[in-house]
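Undergrad: just to be clear, the model below is a prediction. Sequence and coordinates:
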Amino acid sequence: MRIESPREFERLGALRVYGLQKVYELDAGPETPENASDRDVVRVVPTEALHAIESEMAIVVPVRNERLKLIEGVLVGIPHNCLVIVVSNSPREPIDKFYLEEEAISNYARFTQKKILVVHQKDPHIAAAFAEAGYTDILGSDELVRNGKAEGMIMGSLLAKLMGRKYVGFVDSDNYFPGAVNEYVKEYAAGFHINGGDFSMVRISWHSKPKVVENSLYFAKWGRSSRQTNQVLNRLLGHHSGFETEIVKTGNAGEHALSVDLAMAIDYATGYAVETFHYVHMLEKYGGLLEGGESANDMHRLVKISQIESRNPHLHEVKGDEHVDDMIAASLSTIYHSRLCPESLRAEIEDELNRRNYLKDGEQLAPMRIYKSLDRMDFDVFTDRAAPALKVVGEKSKKPATV
Ligand code: GDD
Ligand code: MG
């Protein structure tokens, strides 16, 4: 891959947010050119380096009631060396959708020998493992893992650690283009190669999202939710740095990846607020802005967020617009309720939500449920309890679990 070096970054405490990086070539050849240097404006990441990182990466695919053909297309796009972890929250009644998914995925894995772990979000063994390991917040009143994309992601991240992977990435299961999925994963790998470090995150900003407008194709750049979220996140950063900025382009990046160490260290917001809260929380935890924040040790560690602009158009399942407002409110709520949010920005958020008729006069924006970091649970207990319930399909050996 040939990719631009980040031209700028904003630094707050230990947190560095890099500017958007453009991709110039999806495949730049197998080896590093002889005259290449780390200081080049456009960097070459050789295919070999991408493959090496892919072998250390798990890709979590969250699923809720998607069409099997779409899920299969997503699996087709994930590079072979990645471990795939499908976390499904599809209904089991009246039709056992999960059974159909498992069967289709196992079949697919047989043809490709791709390593795929398929789990259900409501698996009672995994829920019991969470309980015994002391991480009960994620469990609902039925003592199973709660609904929500973030909840599935948290489960997937933990399984990535359990399976010994160093990086964990996410791709939605409703993507129409296997080529786009393939590109996202390559970009995660390129981001880790270039910006490295143990505490690193890569977020994708789609180049375009095709829509039909007046009978012709229109390649839109920003969704409604991203536009809003990015603007407010940039205002938050600008408030604390003292300089207006437009650095954040990936406030709602469903497609993102991070080192497993970082995934274990950060808190999570529920459902679709999860991606925006990454910024808010990392700023709270590593930005050096709050009294009683992180210890000096944590402040020494550089935490990097890189943002990469993908080239394939992003086309996913159309599910109606109703939840866009909910998504905006959920994202903004994580900013609104942060200790870092100044009064003036709170007022702006309220105005925006009033304008959208999301908040009636006098109503307050509800806070999102926050899950504390996974590193406070007993990981060995979780592993002992959860591992026997896991089955990797697509491996040649018939062992029930590979841990
Ligand atoms: N495991 C699990 N559990 N997966 C879920 C759940 C759940 O409760 N709910 C949704 N999913 C899966 C869906 O099947 C899909 O693959 C993915 O999570 C995203 O859900 P969508 O419903 O397709 O979300 P979206 O397309 O509106 O929003 C996506 O893009 C946004 C950026 O524009 C999401 O990735 C958002 O998180 C992201 O901010
Ligand atoms: Mg979608």
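TA: Here it is on my side, so go on. Just so we're clear, the structure is a prediction, and the values are computed from it rather than from any experiment. Ligands and ions are numbered 1, 2, ... in the order given.

Undergrad: how close does residue 91 get to residue 390?
TA: 22 Å (C-beta to C-beta, to the nearest Å). Placement of C-beta: from N, CA and C, glycine included.

Undergrad: these two - which one has more neighbours?
TA: The neighbour count for residue 91 versus residue 390, taken as other C-beta atoms under 10 Å, is higher for residue 390 (21 against 13).

Undergrad: the more buried one reaches residue 115, doesn't it?
TA: No - taking contacts as C-beta atoms under 8 Å, residue 390 lies outside contact range of residue 115: 11.7 Å.

Undergrad: what is the burial count for the closest residue to residue 123 other than its chain neighbours?
TA: In space, and not counting its chain neighbours, residue 123 is closest to residue 389: 6.4 Å by C-beta to C-beta, 6 or more residues apart in numbering. Residue 389 is flanked by 15 other residues according to other C-beta under 10 Å.

Undergrad: start at 171 instead
TA: Got it, first residue is 171 now, which makes that one residue 559.

Undergrad: residue 559 and residue 506, how far apart?
TA: Taking C-beta to C-beta, one finds residue 559 at 39 Å from residue 506.

Undergrad: I figured residue 197 was touching residue 215, is that so?
TA: No - with contacts counted by C-beta under 8 Å, residue 197 stays clear of residue 215, the gap being 10.1 Å.

Undergrad: name the residues contacting each of those two.
TA: residue 171 (C-beta atoms under 8 Å, 6 or more residues apart in numbering).

Undergrad: mutual contacts of residue 560 and residue 285, please.
TA: By C-beta under 8 Å, 6+ apart, no residue touches both residue 560 and residue 285.

Undergrad: so where do the helices sit in the stretch 271-420 of the chain?
TA: Counting by DSSP state H, counting those that start in this stretch, the stretch 271-420 of the chain has these helices, from start to end: 294-302, 319-332, 348-365, 394-411.

Undergrad: in TSV: the ones you listed, plus mean neighbour count and distance to ligand 1.
TA: As requested, these are exported to TSV (neighbours: other C-beta atoms under 10 Å; distance: least, C-beta to the nearest ligand atom, whole Å):
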stretch	mean neighbour count	distance to ligand 1
helix 294-302	19	12
helix 319-332	24	3
helix 348-365	24	11
helix 394-411	20	6
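
Undergrad: of all those, which one is nearest ligand 2?
TA: The closest of the helices of the stretch 271-420 of the chain to ligand 2 is helix 319-332. By C-beta to the ion, the value is 9.6 Å.

Undergrad: quick one: list the elements packing against that closest one.
TA: With contacts defined as 3 or more C-beta pairs under 8 Å, 6 or more residues apart in numbering; DSSP states H and E, the packing partners of helix 319-332 are strand 227-233, strand 253-258, strand 286-290, strand 337-340, helix 430-435, strand 438-439, helix 444-456, helix 549-556.

Undergrad: buried ones in stretch 245-255, by neighbour count?
TA: 245, 247, 248, 249, 251, 252, 253, 254, 255 (16 or more other C-beta atoms under 10 Å).

Undergrad: closest to ligand 1 among those residues?
TA: Nearest to ligand 1 among the buried residues of stretch 245-255, counting by C-beta to the nearest ligand atom, is residue 255 at 10.4 Å.

Undergrad: against residue 340, how distant is the closest one?
TA: 10 Å.

Undergrad: which residues do the two both contact?
TA: Residues touching both residue 255 and residue 340 by C-beta under 8 Å, 6+ apart: 229, 230, 231, 326.
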